[in-house]
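K.L.:
pasted the sequence and its predicted model underneath.
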Amino acid sequence: MAERAASMTLRTDFSLLIDGKLEHSDQELEVINPAFGTVFARCPAASRSHLDRAVKAARAALPAWRAKSFAERAALVRKSSEVLREKQNELAELLTREQGKPLSQSVAEIDRGTAQSDGLVGIEIPNEVLVDDKQNHIELRYRPLGVIGIITPWNAPISLALGPLVSALYTGNTVVLKPSPYTPLTTLKVAELLKGVFPPGVMNVLAGGDQLGAWMTEHPDVDKISFTGSVATGKKVLASAAATMKRVTLELGGNDPAIIMDDVDPKAIAKKVFFASFVNSGQVCMAIKRIYAHESIYDELCAALVEEARKAKIGNGLEPDTTLGPLQNKMQYDKVVNLINDTKKTGAKFLTGGDVPKGPGYFLPPTLVTDIDETSRLVQEEQFGPIVPIMKFSDVEDAIRRANDTRYGLSGSVWTKDTEHGAEIASRLEVGTAWVNQHRATSAFVPFGGAKESGLGRAYSSLGLKSYMEPEVVSVAKQ
Ligand code: NAD
């Protein structure tokens with residue numbers, strides 16, 4: 001009850017960050033706590049003129065920022081990680097209120113984001129000498145692109161902001177960052193905290209609706225868009241960026257398969273497979289979204305996953321024993337409820353879930369479905385919610401074919417005791433990342449991104465960092 005009362009006190013202590021100054025706006029966004037379905041905060045929503053001023057400030061800050069060395073910029077990024085870690089508990093609590101995930105997962109998200117930031121600034125991007133002989137000295141150099149627009153989704157607003165933010169800043173660019181209108185608050189607090197770390201104009205943060213994102217993608221003075229979100233919006237971003245030939249990195253949706261071979265002990269892997277499917281109530285781009293299990297272990301795996309589902313504790317993320325929070329917003333909740341109802345109509349069997357609990361809040365239980373027609377929406381579409389189909393195979397060639405039979409290609413996994421065979425199967429998945437005996441393992445040093453319609457380009461690693469830079473050949477004829 002105390003928690004409910006706290007959620008009724010409207011918070012309004014949020015600002016935009018433009019040119020090192022906190023600003024308000026005539027327009028506001030209302031932010032809902034998904035555990036109750038009620039507005040608990042309001043924050044300013046940026047107008048087109050806020051965007052123009054933020055881009056102008058980012059452009060003005062560029063010469064001094066790019067003139068700094070990598071080491072100087074890395075030191076400021078490390079300082080920013082320290083500042084965020086000092087305020088981790090406060091930020092995590094706000095993140096749970098606006099996003100819904102259990103508090104321990106909000107803490108973990110900030111840990112992950114800051115660890116990735118510190119990892120990224122340890123990667124060197126040296127100039128490369130391509131030729132050095134009597135006649136010529138030819139080097140490949142990398143220079144910052146300029147002003148980067150970063151657009152983020154609502155499922156992991158902090159870690160998905162810090163990755164592109166730090167990649168852009170470390171490589172000498174300046175930034176205008178826009179969080180999702182569903183989860184703008186923690187990002188605005190991060191901006192407020194980092195205001196004193198980076199020089200004015202280097203990092204600008206604007207909350208706003210989808211229209212603000214569209215304005216960013218068409219803005220003539222933005223050099224690159226780093227977009228994380230749905231495939232449908234990613235295509236709009238790509239089309240809009242074409243007009244000014246902006247560089248883009250698109251981190252989009254997935255429909256990740258997990259192929260589970262006949263030599264595994266289903267009880268031993270069930271916890272990991274369940275977590276990779278249902279963490280953040282399935283609202284993870286690289287969550288397991290389709291399970292293909294060998295017929296010889298199929299029943300046992302289903303039973304072990306049902307057992308895990310029974311252990312899940314659904315509730316407000318601020319309650320200490322909660323393991324699954326609500327869906328983040330009404331739109332996504334309605335979409336998943338619709339998918340549940342559609343799947344029921346196909347005659348599929350629900351091992352768990354299937355009934356929609358009465359509100360308040362956007363809660364749905366972990367739902368496991370078998371005996372499903374593979375052409376049904378639950379198999380074909382990205383569900384982005386706590387419902388997963390488990391399908392049977394007898395021949396691994398057939399499993400690989402079915403796993404690849406999709407326009408998505410974010411990631412996938414193979415589960416087997418024969419790791420060599422597992423790696424061979426994994427290499428045949430048409431994805432950006434294929435894991436063996438794990439799913440969802442990422443690091444600052446490893447490129448991440450989608451094949452097919454799951455994205456364009458890679459984040460993290462030197463590959464990701466270089467996507468924030470223009471390669472330039474300097475070719476000198478010796479005299
Ligand atoms: P979304 O595409 O609806 O919105 C993402 C962001 O784009 C928001 O900030 C939104 O305001 C903005 N936006 C909306 N219309 C725009 C336009 N026309 N131009 C520019 N920006 C616009 O996505 P979502 O519902 O917030 O996020 C869920 C999706 O994100 C899922 O598909 C998920 O798989 C994907 N995702 C991918 C990754 C990855 O790394 N590949 C990570 C997390 C989430």
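P.N.:
Alright, I've got the coordinates.

K.L.:
just give the number of residues close to residue 20.
P.N.:
Using other CB atoms under 10 Å, residue 20 has 16 other residues around it. Bear in mind the C-beta positions are built from the backbone N, C-alpha and C, glycine included.

K.L.:
the nearest residue to it once chain neighbours are set aside in helix, strand or coil?
P.N.:
Spatial nearest neighbour of residue 20, excluding adjacent residues (CB to CB, 6 or more residues apart in numbering): residue 200 at 2.6 Å. Here residue 200 is recorded as coil under DSSP: H, G, I helix; E, B strand; the rest coil.

K.L.:
ok, residue 200 to residue 65 distance?
P.N.:
Remark: distance between residue 200 and residue 65 (CB to CB, to the nearest Å) = 10 Å.

K.L.:
sticking with the closest residue to the ligand within the stretch 101-250 of the chain, tell me its helix or strand.
P.N.:
Nearest to the ligand in the stretch 101-250 of the chain, going by CB to the nearest ligand atom, is residue 213, at a distance of 2.2 Å. Secondary structure assignment for residue 213, by DSSP states H and E: helix 210-218.

K.L.:
and if you look at residue 55?
P.N.:
helix 48-67.

K.L.:
just the pLDDT for residue 9.
P.N.:
pLDDT recorded at residue 9 is 82.

K.L.:
how about the residue nearest to residue 20, what does it touch?
P.N.:
19, 20, 21, 57, 61 (CB atoms under 8 Å, 6 or more residues apart in numbering).

K.L.:
the third one bridge partners, please.
P.N.:
Taking DSSP bridges, one obtains residue 18 as the residues bridged to residue 21.

K.L.:
give me the distance between it and the ligand.
P.N.:
Counting by CB to the nearest ligand atom, to the nearest Å, the gap between residue 21 and the ligand amounts to 23 Å.

K.L.:
what's the burial count for that residue?
P.N.:
The number of residues near residue 21, taken as other CB under 10 Å, comes to 13.

K.L.:
ok, now the fourth one?
P.N.:
By the other CB under 10 Å criterion, the neighbourhood of residue 57 contains 23 residues.

K.L.:
hang on, it packs against residue 21?
P.N.:
No. In this structure, residue 57 is not within contact of residue 21 by CB atoms under 8 Å, at 9.1 Å.

K.L.:
returning to what we had before: mind listing what's buried in the helix holding residue 213?
P.N.:
Neighbour-count burial for helix 210-218, counted by 16 or more other CB atoms under 10 Å, picks out 212, 213, 215, 216, 217.

K.L.:
which residues does the residue positioned nearest the centre of the chain contact?
P.N.:
The centroid of the chain falls nearest to residue 160 when counting by CA atoms, centre = their mean (4.7 Å). The contact partners of residue 160, by CB under 8 Å, 6+ apart, come to 152, 153, 228, 251.

K.L.:
and the helix or strand containing it with helix 48-67, angle?
P.N.:
Secondary-structure element containing residue 160, defined by DSSP H and E: helix 159-170. Relative orientation of helix 159-170 versus helix 48-67 (axes from the mean of the first three to the mean of the last three CA atoms, to 10 degrees): 50 degrees.

K.L.:
quick one: average confidence on helix 159-170?
P.N.:
Mean predicted lDDT for helix 159-170 stands at 98.

K.L.:
distance of residue 76 from the ligand?
P.N.:
25 Å.

K.L.:
that residue contacts residue 196, doesn't it?
P.N.:
No. Judged on CB under 8 Å, residue 76 makes no contact with residue 196 at a distance of 10.7 Å.

K.L.:
return the residues of the stretch 301-450 of the chain in contact with the ligand.
P.N.:
382, 384, 410, 450 (CB under 6 Å from any ligand atom).

K.L.:
find the nearest non-adjacent residue to the residue of the stretch 101-250 of the chain closest to the ligand, please.
P.N.:
Using CB to CB, 6+ apart, the nearest residue to residue 213 is residue 151, at 4.8 Å.

K.L.:
now residue 307
P.N.:
Nearest to residue 307 is residue 270, by CB to CB, 6+ apart, at 6.9 Å.

K.L.:
is it true that that neighbour touches residue 302?
P.N.:
No. Using CB under 8 Å, residue 270 makes no contact with residue 302, being 9.6 Å away.

K.L.:
so which strand or helix has residue 130?
P.N.:
Residue 130 belongs to strand 128-132, assigned by DSSP H and E.

K.L.:
give me the sheet partners of that strand and which way each runs.
P.N.:
strand 136-144 (antiparallel).

K.L.:
ok, residue 447 - contacts?
P.N.:
Under the contact definition (CB under 8 Å, 6+ apart), the residues listed for residue 447 are 432, 458, 459, 460, 461, 463, 464.

K.L.:
could you measure it against the ligand, distance?
P.N.:
For residue 447, the distance to the ligand - CB to the nearest ligand atom - is 12 Å.

K.L.:
mind pulling up the pLDDT for that residue?
P.N.:
So, for residue 447, pLDDT stands at 98.

K.L.:
excluding chain neighbours, what is closest to it?
P.N.:
residue 458 is the one closest to residue 447 (CB to CB, 6+ apart), at 3.9 Å.

K.L.:
would you mind measuring from the one you found to residue 466?
P.N.:
Distance from residue 458 to residue 466, by CB to CB: 9 Å.

K.L.:
more neighbours, those two?
P.N.:
Shown here are residue 458 and residue 466; by other CB under 10 Å, residue 458 has more neighbours (21 against 16).

K.L.:
hmm, that one is touching residue 442, no?
P.N.:
No. Between residue 458 and residue 442 there is no contact under CB under 8 Å: 11.5 Å.

K.L.:
what touches both of the two?
P.N.:
With CB under 8 Å, 6+ apart as the test, residue 458 and residue 442 both reach residue 448.

K.L.:
figure out how far stretch 181-200 is from the centre of its chain.
P.N.:
18 Å (CA atoms, centre = their mean, to the nearest Å).

K.L.:
can you tell if that stretch touches the ligand?
P.N.:
Yes. Stretch 181-200 comes into contact with the ligand (CB under 6 Å from any ligand atom), by way of residue 181.

K.L.:
buried set for that stretch?
P.N.:
Buried, per 16+ other CB under 10 Å, within stretch 181-200: 181-195, 197-198.

K.L.:
go on, stretch 132-139?
P.N.:
Applying 16+ other CB under 10 Å to stretch 132-139 flags residue 139 as buried.

K.L.:
quick one: mean pLDDT over it.
P.N.:
On average, stretch 132-139 scores 98.

K.L.:
before we move on, what about stretch 219-239?
P.N.:
98.

K.L.:
cool, and stretch 81-92?
P.N.:
98.

K.L.:
next one: that stretch to chain centre, how far?
P.N.:
The answer for stretch 81-92 is 19 Å, by CA atoms, centre = their mean.

K.L.:
residues in contact with residue 321?
P.N.:
313, 315.

K.L.:
on that earlier part again, elements contacting the helix holding residue 213?
P.N.:
Here helix 210-218 touches helix 48-67, strand 147-151, strand 174-178, strand 224-228, helix 231-242, going by 3 or more CB pairs under 8 Å, 6 or more residues apart in numbering; DSSP states H and E.

K.L.:
noted, bye for now.
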